Structures are given as C-alpha cells and as structure tokens.
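Asks: Provided below for reference: sequence and predicted model.
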Amino acid sequence: MNSDAQKQALLALAHYKMPFGKYEGRYLTDLPESYLVWFRNQGFPKGKLGEMLQSAMEIKENGLEDLIRKIRREFPSQST
C-alpha cells in the first residue's frame, strides 16, 4: 500500500462510525475495547466493516486513539 493509500485508509478509519447496535453512530476507534475484543473472539464481520473493526482493535491495542482523534479534528469528514 503506498503512502497516499495509507493516508486515505487512516482518514476513512478516523471517520468510520458503527452502523448498528448498541454503539450505532459511534466512531469505531471510540468503541469500548471490550466490544472490539468480543468481535475478535466471535470473528469480525466480512467486508469493510470487519476490516475497519480489526484496524480499530489494533489502534486500541497500541494506544493510538489520540492520533486518530487528532486526524479527525484536523481533517474533518467531507461527506454530508
């Protein structure tokens, strides 16, 4: 993955919200770690959501939530 693609992936992750359930509308990187662990144990969903949840888990495990919040602040979502 080139650096532009990596930037786009981080921007997408920073703005991706949970589409359903108890935490619907919450940024994936702001989900409780226990919820992400549950998904990991059950098996992440297939597709983009699963990939994003896996990435959010890695962000949490490495203590990088503040970096993602900074990205979210400095690069607001362009979608309406």
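Replies: That came through, no problem.
Asks: How many residues are close by the residue nearest to Met57 when sequence neighbours are not counted?
Replies: Leaving aside its sequence neighbours, Met57 sits nearest to Leu36 (Cβ to Cβ, 6 or more residues apart in numbering; 4.4 Å). C-beta: built from backbone N, CA, C; applies to glycine. When neighbours are defined as other Cβ atoms under 10 Å, Leu36 has 21 of them.
Asks: does Leu36 really touch Glu58, like I thought?
Replies: No - Leu36 is beyond contact range of Glu58, at 9.5 Å (criterion: Cβ atoms under 8 Å).
Asks: rewinding a little: so what pLDDT did the residue nearest to Met57 get?
Replies: We have a pLDDT of 95 for Leu36.
Asks: Give me the distance between it and Glu61.
Replies: Distance of Leu36 to Glu61, computed by Cβ to Cβ, to the nearest Å: 9 Å.
Asks: re earlier: residues contacting the residue nearest to Met57?
Replies: Leu53, Ala56, Met57, Lys60 (Cβ atoms under 8 Å, 6 or more residues apart in numbering).
Asks: change it to 10 Å
Replies: Listed by Cβ atoms under 10 Å, 6 or more residues apart in numbering, the contact set of Leu36 reads Leu28, Thr29, Phe44, Leu53, Gln54, Ala56, Met57, Glu58, Ile59, Lys60, Glu61.
Asks: so how far is Leu10 from it?
Replies: Taken as Cβ to Cβ, the span from Leu36 to Leu10 is 17 Å.
Asks: name the element the closest residue to Arg72 other than its chain neighbours belongs to?
Replies: Nearest residue to Arg72 in three dimensions, chain neighbours excluded: Ala14, at 4.5 Å (Cβ to Cβ, 6+ apart). Using DSSP states H and E, Ala14 maps to helix 3-15.
Asks: Go through the contacts of Leu36 and say which is closest to Pro76.
Replies: Thr29 (15.5 Å; Cβ to Cβ).
Asks: What sits closest to the closest one if chain neighbours are left out?
Replies: Per Cβ to Cβ, 6+ apart, closest to Thr29 is Ile68, 4.6 Å.
Asks: now swap in Arg26 and tell me
Replies: Met18 is the one closest to Arg26 (Cβ to Cβ, 6+ apart), at 5.1 Å.
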